[in-house]
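Visitor: okay, structure incoming, though there's no sequence with it:
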Ligand SMILES: Cc1cc2nc3c(=O)[nH]c(=O)nc-3n(C[C@H](O)[C@H](O)[C@H](O)COP(=O)(O)O)c2cc1C
C-alpha cells in the first residue's frame, strides 16, 4: 500500500508473523529504471518472503525493473492492474490495464523471460467503463485467460470493480460493491490457477472461511490498522504450535531496528508511525498513539520513544 507498506512497516509486520507474504508499495518501473532504483529496492533480509509490486505498462522497462527486483532477492514480482488513480491512469497502467489484456500478457511475458521467481498480477473484477460493451464476466474471464497464457499463475483479486472516472482512489476502495462470488466463479473456471482474495477482510474468522474457497487471502487496510491480526493469523493459518508474540517484545525488537536505521539517517517519524495500530482495541490506545505521534516530532527523540510509550499501555 503506497505510503504505508514501506520497508520499515514490513520489518515491523514480519516481527508479528514469520510466514505472511508481504508486499512492497507499488513502485513504478520508470522510477526503478530511471531513478534511484537501488535505494527504492533496498530492504532488510528479515522481510522475506516479500513480493515487489511494480506499476507500469512498458514491457521492456518492466522487464528491467523486474530483473532488478529479482536480482536483489525479492521472492515474487507482482504487476499492479488494480490501481484506479488518475495519475496512474495517465501513465496508462494500474486498473486501466484490465482493458488491454494483450498488453498485460506482453508485460508478464517480458518479465517472466528475465526472472525465475513467480510473476503475478493484482487486479479488480472489472473496470467501468469497459472497453467494449460485453458481458462483465466474459470480459474478466478473457482477461484472466490471456494473462495466464503468458505465464501468470497467481491472481490477487480485489473483489470489486474499479470505476475509472469520477471516484477517488479511496472511494474506489469503498463504493463499488465487493463480489466474492465472482472470484469464486473464476476459481471454478480455472482450477489450475491460484486465486488470492482481497477486499474488506478484517478478522481471523473471515480469513478461515475464505480459505475454504480461495487459495489465499490478502489483507490491506486491516493489517495496517490492526497489525496484531497477522500474529493471530500466523497461528491459525500457518502454525498452530506457534506462540503469539507479546506486543511489548515486538516493540523492543522494533526499537533495535529503529535505532540502527536512525544511525543510517532514516527519520524517526517514518518508522514510528507503523506501530500505532499495535494496541488497537485495547485500553489506552489513544494515549499510546498520541504519545508516539507527538514524540516523533521532537527532534531530539530516538528509538527509546517506543520503549517509553510502552509505559502507557502497561500502566495498571
Ligand atoms: C493507502 C492505500 C494505499 C494502497 N496502495 C496500493 C498499492 O500500492 N498497490 C496495490 O495493489 N494496492 C494498493 N492499495 C489497495 C489495497 O492493496 C487493497 O487492494 C484494498 O485496500 C482492498 O483491500 P482491504 O479491504 O483489505 O484494504 C492501497 C490501499 C490503501 C488504503
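Guide: Great, that's in hand. This one's a predicted model, so the numbers in the text were calculated from it and none came from an experiment.
Visitor: get me the contact residues on the stretch 101-250 of the chain for the ligand.
Guide: 122, 158, 173, 198-201, 219-222 (CB under 6 Å from any ligand atom). For the C-beta atoms, the positions are set from N, CA and C on the backbone; glycine is no exception.
Visitor: dump the residue contacts of the residue of the stretch 101-250 of the chain found nearest the ligand.
Guide: When you check the stretch 101-250 of the chain against the ligand by CB to the nearest ligand atom, the closest residue turns out to be residue 220, at 2.7 Å. By CB atoms under 8 Å, 6 or more residues apart in numbering, residue 220 lies in contact with 1, 198.
Visitor: next one: it from residue 157, what distance?
Guide: Between residue 220 and residue 157 the distance, using CB to CB, to the nearest Å, works out to 13 Å.
Visitor: mind listing the shared neighbours of the two?
Guide: Shared contacts of residue 220 and residue 157, defined by CB under 8 Å, 6+ apart, comprise residue 198.
Visitor: coming back round to it: most surrounded residue in the residues of the stretch 101-250 of the chain next to the ligand?
Guide: Within those, neighbour counts (other CB atoms under 10 Å) peak at residue 158, which reaches 26 neighbours.
Visitor: circling back: switch the residues of the stretch 101-250 of the chain next to the ligand over to TSV; also include pLDDT, distance to residue 109 and secondary structure.
Guide: What follows is those, written out as TSV (pLDDT from 0 to 100; distance: CB to CB, whole Å; DSSP: H, G, I helix; E, B strand; the rest coil):
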residue	pLDDT	distance to residue 109	secondary structure
122	98	17	strand
158	98	23	strand
173	95	30	helix
198	98	24	strand
199	98	28	coil
200	98	32	coil
201	98	31	coil
219	98	30	coil
220	98	28	coil
221	98	32	helix
222	98	34	helix
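Visitor: turn the residues you listed into a markdown table, columns for distance to residue 138.
Guide: As requested, those are arranged in a markdown table below (distance: CB to CB, whole Å):
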| residue | distance to residue 138 |
| --- | --- |
| 122 | 21 |
| 158 | 20 |
| 173 | 25 |
| 198 | 22 |
| 199 | 22 |
| 200 | 25 |
| 201 | 27 |
| 219 | 30 |
| 220 | 28 |
| 221 | 31 |
| 222 | 32 |
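Visitor: show me where pLDDT drops low in this protein?
Guide: Under the criterion of pLDDT under 70, the regions of the chain flagged as low confidence span 133, 316.
Visitor: domain assignment for it?
Guide: Structural domains assigned to the chain are 7-238, 247-314, following automatic domain parsing.
Visitor: residue 167 contacts residue 175, doesn't it?
Guide: Yes - checked against CB atoms under 8 Å, the pair residue 167 and residue 175 is within contact range at 6.1 Å.
Visitor: who's more crowded, those two?
Guide: Neighbour tally, residue 167 and residue 175, criterion other CB under 10 Å: the higher count belongs to residue 167, 16 against 13.
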